[in-house]
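# no sequence on hand, only this structure:
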């Protein structure tokens with residue numbers, strides 16, 4: 001990983017490229033993030049930097065976290081994420097990371113917690129077929145249907161697609177394109193959609209597949 005940053009999803013809009021084509025984009029407020037901790041191979045067994053994003057009042061921090069921030073002489077932050085960057089030597093505790101680490105045309109991966117849908121049925125959750133509502137199929141048009149076989153094997157196989165909780169899980173969308181970077185306002189415009197609700201925390205990294 002060459003670069004990464006923590007941000008907040010602002011919402012979606014559209015912009016025009018130089019040919020006049022409409023490009024749907026998601027606007028992300030990326031940073032500014034502060035380096036709260038630096039991990040080294042000698043001390044920790046691997047090299048990484050810990051970034052903090054989002055200001056937090058001092059009285060909202062518990063004692064262990066207060067000691068953690070005081071050790072690096074860093075103001076308390078709401079979100080902490082670790083990045084295993086290849087060039088950790090270029091960063092020191094207290095350094096600021098801003099949106100200009102990315103440029104237009106970069107390929108990125110965006111990770112966030114998806115919107116929670118609650119408890120849903122098999123049609124919404126697994127794209128199952130529905131029954132016809134004519135000729136006596138009864139009030140089960142959106143039900144799961146048969147759950148298993150006969151007296152052999154006398155059980156439901158593991159992995160059977162059933163109703164249940166949908167969403168509210170960590171999702172990564174890969175190979176998105178940075179369309180525009182507004183370094184002054186710490187904004188990144190990303191082509192397409194990213195997971196999560198407006199105001200949700202997102203982690204932006206350079207793409208692993210580009």
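Received, thanks. The shown structure was predicted, so the numbers you read here are calculated from the model rather than taken from an experiment. Residues are numbered from 1 along each chain as shown.
# contacts, neighbours, all on C-alpha from now
Will do.
# contact partners for residue 173?
Counting by CA atoms under 8 Å, 6 or more residues apart in numbering, residue 173 touches 109-111, 194-195.
# confirm that residue 199 lies within a strand, as I assumed.
No: membership of residue 199 in a strand is not supported by DSSP: H, G, I helix; E, B strand; the rest coil, which gives coil.
# what ranges does the chain have for its helices?
41-44, 63-71, 122-126 (DSSP state H).
# in the second one, which residues are buried?
Read it as helix 63-71. By 16 or more other CA atoms under 10 Å, the buried positions in helix 63-71 come out as 66, 69.
# next one: stretch 158-174
Going by neighbour count (16+ other CA under 10 Å), the buried part of stretch 158-174 is 162-163, 166-167, 171-172, 174.
# in a markdown table: the helices of the chain, plus distance to residue 144.
A markdown table is the format used below for these (distance: least, CA to CA, whole Å):
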| stretch | distance to residue 144 |
| --- | --- |
| helix 41-44 | 49 |
| helix 63-71 | 47 |
| helix 122-126 | 6 |
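# and those helices: which comes nearest residue 207?
For these, the distance to residue 207 is smallest for helix 41-44, at 24.2 Å, taking CA to CA.
# which residue ranges of the chain form strands?
Along the chain, the segments classed as strands by DSSP state E run 4-16, 22-30, 33-39, 48-55, 77-83, 96-97, 107-113, 118-120, 164-166, 170-182, 187-191, 201-206.
# so for the chain, which residue is the most central one in space?
Computing the C-alpha centroid of the chain and ranking residues by CA atoms, centre = their mean puts residue 112 first, at 1.6 Å.
# partner residues bridging it?
Beta bridges link residue 112 to residue 171, residue 202, judged by DSSP bridges.
# gap between it and residue 200?
For residue 112, the distance to residue 200 (CA to CA, to the nearest Å) stands at 8 Å.
# circling back: quick check, nearest of the contacts of residue 173 to residue 21?
If you rank the contacts of residue 173 by distance to residue 21 using CA to CA, residue 194 comes first, at 20.8 Å.
# ok, that closest one - contacts?
Residue 194 sits next to 26, 110-112, 173 when contact means CA under 8 Å, 6+ apart.
# and residue 123, by the same measure?
The contact partners of residue 123, taken as CA under 8 Å, 6+ apart, are 129-130, 142.
# derive a PyMOL selection command for the buried subset of those residues.
The command below creates a PyMOL selection of those among the contacts of residue 123 that count as buried (16+ other CA under 10 Å):
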select buried, resi 142
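# need the contacts of residue 194 in TSV with distance to residue 84, can you?
What follows is the contacts of residue 194, written out as TSV (distance: CA to CA, whole Å):
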residue	distance to residue 84
26	25
110	16
111	15
112	18
173	19
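# and those as JSON lines, adding pLDDT and distance to residue 4?
What follows is the contacts of residue 194, written out as JSON lines (pLDDT from 0 to 100; distance: CA to CA, whole Å):
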{"residue": "26", "pLDDT": "96", "distance to residue 4": "17"}
{"residue": "110", "pLDDT": "96", "distance to residue 4": "10"}
{"residue": "111", "pLDDT": "95", "distance to residue 4": "11"}
{"residue": "112", "pLDDT": "96", "distance to residue 4": "14"}
{"residue": "173", "pLDDT": "96", "distance to residue 4": "15"}
